[in-house]
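Student: Can you look at this prediction? I've put the sequence above it.
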Amino acid sequence: MEDKSLYFGEMVAREDDLHLNPLFASVILGSVAASEMFGRVGGFRIDLKGWYLKLEKSSKSYTASGEAKKEECATVFSITAQVMSAFGVKIGDDDLIGLRSFTYSRLHKETVEAQLTDNAYLIGLIGLHATGLEDYDIDAAYKANLVTLNTDLEAKTKLPLAVIQQHANDKIQLESLEKDVMKFFDEEMDRFMKIYRITNVGLFLAYTAARHVRHHHLKRKMVPVEPTTGTMELFVVGKSDLAAMVGVAWTVTSLGLTMQTDADGEIFKDGLAPGLYHGKLSKEGFKDVVFDFTIVAGKTCALQFLMEVVDSEEDVPPVS
């Protein structure tokens, strides 16, 4: 399965988990629109997971017996082709001479369909030059063995070929579902959730953080998370314009860790030991943000923060 689908499924799962968060459950359930939308997200999550599980089955490898037969045919037919090419040089036949390109490497690496076609072509040439090829030990019995080998190859790879076709059809249906889900987020839910930027900033930040799962073509490949460690993903934006902030320092003193946000306002750190930590975000000209976060084994802690510009005027002392 492609990385982009892994990330897409992760995004939908994170959004669905929000309605289980005790900080936001009552807010979501208290809104007809929010409750309905998160209900749809839950349905999408189930549908996507079903397709992902189905597509985990490899369609690229052959069964053990089919692969063995493919290798055997490549060996026998490539040797036969070289012998027939030598005969072709003797009689000046270009078709036979051309069989020198039927190498083991070519026959073994090409698709089953192509190999079956090449094998059949070679067998056909034997029929056209049967008399002369008998002197090269390629007689009727030898030809019959080639026919049997080619028939066995087709029979033993028939199931994998069907699986490949089914995989292709399933992938098309998955891509169609992903497009529908993305359209829902882009055109409906993203627009609606902006209301919480005013009424519940915590929910708004949690939602946008969950939506901000990096895609397959950005930065780093998705790798399975070790069950003994967890991952932190931070996304930092400016409060005034919600633009990604570059060069924000993230410090975790207890871990001796200091990192900075990249060009997309992101920080990514995996391999973190489970536990409760205290972190700080800082950047010259902006107010520090201090926060606690929990790392859980096998999970990603995804957080988003707004940073405010430091007031240009000095604080006015309180009136006594």
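Tutor: That came through fine.

Student: Where does the prediction get shaky in the protein?
Tutor: Per-residue confidence for the chain (pLDDT under 70) gives these ranges: 1-3, 56-65, 159-164, 213-227, 312-320.

Student: any chance you could map the helices in the stretch 151-300 of the chain?
Tutor: Taking DSSP state H, counting those that start in this stretch, the helices of the stretch 151-300 of the chain run over residues 158-184, 190-193, 196-199, 201-211.

Student: Looking at the ones you listed, which one is packed in the most?
Tutor: helix 201-211 (a mean of 18; mean count of other C-beta atoms under 10 Å). The C-beta positions use only the backbone N, C-alpha and C, and glycine is treated the same way.

Student: would you list the helices of the stretch 151-300 of the chain in a markdown table and tack on distance to Val310?
Tutor: Shown next, in a markdown table, are these (distance: least, C-beta to C-beta, whole Å):
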| stretch | distance to Val310 |
| --- | --- |
| helix 158-184 | 38 |
| helix 190-193 | 29 |
| helix 196-199 | 22 |
| helix 201-211 | 20 |
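
Student: Please name whichever of those is nearest to Leu18.
Tutor: helix 201-211 (5.9 Å; C-beta to C-beta).

Student: Give the other helices and strands that the closest one contacts.
Tutor: If contacts are counted by 3 or more C-beta pairs under 8 Å, 6 or more residues apart in numbering; DSSP states H and E, helix 201-211 sits against helix 3-18, helix 190-193, helix 196-199, strand 230-238, strand 300-307.

Student: cutoff 10 Å now
Tutor: If you count contacts as 3 or more C-beta pairs under 10 Å, 6 or more residues apart in numbering; DSSP states H and E, helix 201-211 packs onto helix 3-18, helix 25-29, helix 32-55, helix 190-193, helix 196-199, strand 230-238, strand 300-307.

Student: Tabulate those (CSV), appending distance to Ala244.
Tutor: Shown next, in CSV, are the helices and strands packed on helix 201-211 (distance: least, C-beta to C-beta, whole Å):
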stretch, distance to Ala244
helix 3-18, 17
helix 25-29, 26
helix 32-55, 25
helix 190-193, 17
helix 196-199, 16
strand 230-238, 6
strand 300-307, 10
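
Student: just these: most buried one?
Tutor: By mean count of other C-beta under 10 Å, the helices and strands packed on helix 201-211 have strand 230-238 as the most buried, with a mean of 21.

Student: tell me the angle that one makes with strand 300-307.
Tutor: Put simply, strand 230-238 runs at 20 degrees to strand 300-307, going by axes from the mean of the first three to the mean of the last three C-alpha atoms, to 10 degrees.
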